[in-house]
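1. got a predicted structure here, sequence first:
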Amino acid sequence: MPDTRSLLDEARAGDAEAFGELCRVHGTRLLRQAVVLCGNLTLAEDLAQDTLVEAWKCLHRYNGRCQFFTWLCAILLNRHRNTLRENRMRPAATFGGRNQDELEKPGGDPADHAALPDRAVELREQAVLVQKCIRALPPKHQQVIHLRFYVDDSLEGIAAALGCAVGTVKSRLFHALEKLRKMNEFSSQWSDFKSKGEMS
């Protein structure tokens, strides 16, 4: 795998080919994150592309204090929020449906949910429920939940990506988890989120 740091140095020096290689390295994973947000492959592709264009324009702002992918996801979240505001779009209420199957199996037929094992169906239904609850949170709380649980970065990395203090991230994460805990729909998923969101 190409060295991300070397590619970043070259890209910040104006090498568009180096940035293109960074896009190839992180593009698929970024697209998966966009699908989580949009629940629609076509919208997710547009969002991921928009994110990479924005990243190229402001690459000089990346200071290396967090993972490059986390920084990309912070841009992704901001672009998604702006798109919703500008177009007054409602986030899709699905996750892991047909479009997710298309992403996971390019060129193949989407999996038939009726043919999936019971546990797989249950996990998909849980994912839909979790996303529905997360979308009910304020944007700043959605950000930290997404970066902590879907991008799986550290509190320090999240703070660097968002340009705030670690204490701020801890506070937002705590309040976000508390709000989720109080949602009846989310109660069955609470233990998994709480264990991963511990502040230690």
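-> The structure has been received and is ready for your questions.
2. what residue lies at the spatial centre of this protein?
-> Gln33 (3.9 Å; C-alpha atoms, centre = their mean).
3. show me where the protein has its strands.
-> Along the chain, no segments are classed as strands by DSSP state E.
4. top helix in this structure by residue count?
-> helix 16-38 (DSSP state H).
5. how far is that one from where the chain is centred?
-> Relative to the chain's own centre, helix 16-38 is displaced by 11 Å; criterion: C-alpha atoms, centre = their mean, to the nearest Å.
6. do stretch 141-159 as well
-> Counting by C-alpha atoms, centre = their mean, stretch 141-159 comes out at 9 Å from the chain centroid.
7. for it, which positions count as buried?
-> 141-149, 151, 153, 155, 157-159 (16 or more other C-beta atoms under 10 Å). (Each C-beta comes from the backbone N, C-alpha and C, glycine too.)
8. average pLDDT for that stretch, rounded please.
-> Average pLDDT, stretch 141-159: 91.
9. what's that stretch in contact with?
-> 33, 36-37, 65-67, 69-70, 73-74, 77, 134-135, 137, 161-162, 165-166, 168-170, 172-173, 175-177, 179-180, 193, 196-197, 199 (C-beta atoms under 8 Å, 6 or more residues apart in numbering).
10. try stretch 46-55
-> Contacts for stretch 46-55 (C-beta under 8 Å, 6+ apart): 23, 27, 30-31, 33-34, 37-38, 62, 71-72, 75-76, 79-80, 83.
11. all helices of the chain, in order?
-> 4-12, 16-38, 41-57, 68-87, 98-104, 118-135, 139-145, 155-162, 166-181, 190-196.
12. which of these comes out lowest on mean pLDDT?
-> Among these, helix 98-104 has the lowest mean pLDDT, at a mean of 42.
13. quick check: closest non-adjacent residue to Ala74.
-> In space, Ala74 comes closest to Ala161 once its chain neighbours are excluded; the distance is 4.2 Å by C-beta to C-beta, 6 or more residues apart in numbering.
14. so Ala44 touches Thr28, yeah?
-> No - if you go by C-beta atoms under 8 Å, Ala44 and Thr28 don't touch, sitting 11.4 Å apart.
15. neighbour count: these two, which is higher?
-> For Ala44 versus Thr28, neighbours defined as other C-beta atoms under 10 Å are more numerous around Ala44 (25 against 11).
16. distance check, the more buried one against Leu37.
-> 7 Å (C-beta to C-beta, to the nearest Å).
17. equivalent analysis for Glu178, please.
-> Noted for Glu178: a distance of 23 Å to Leu37, by C-beta to C-beta.
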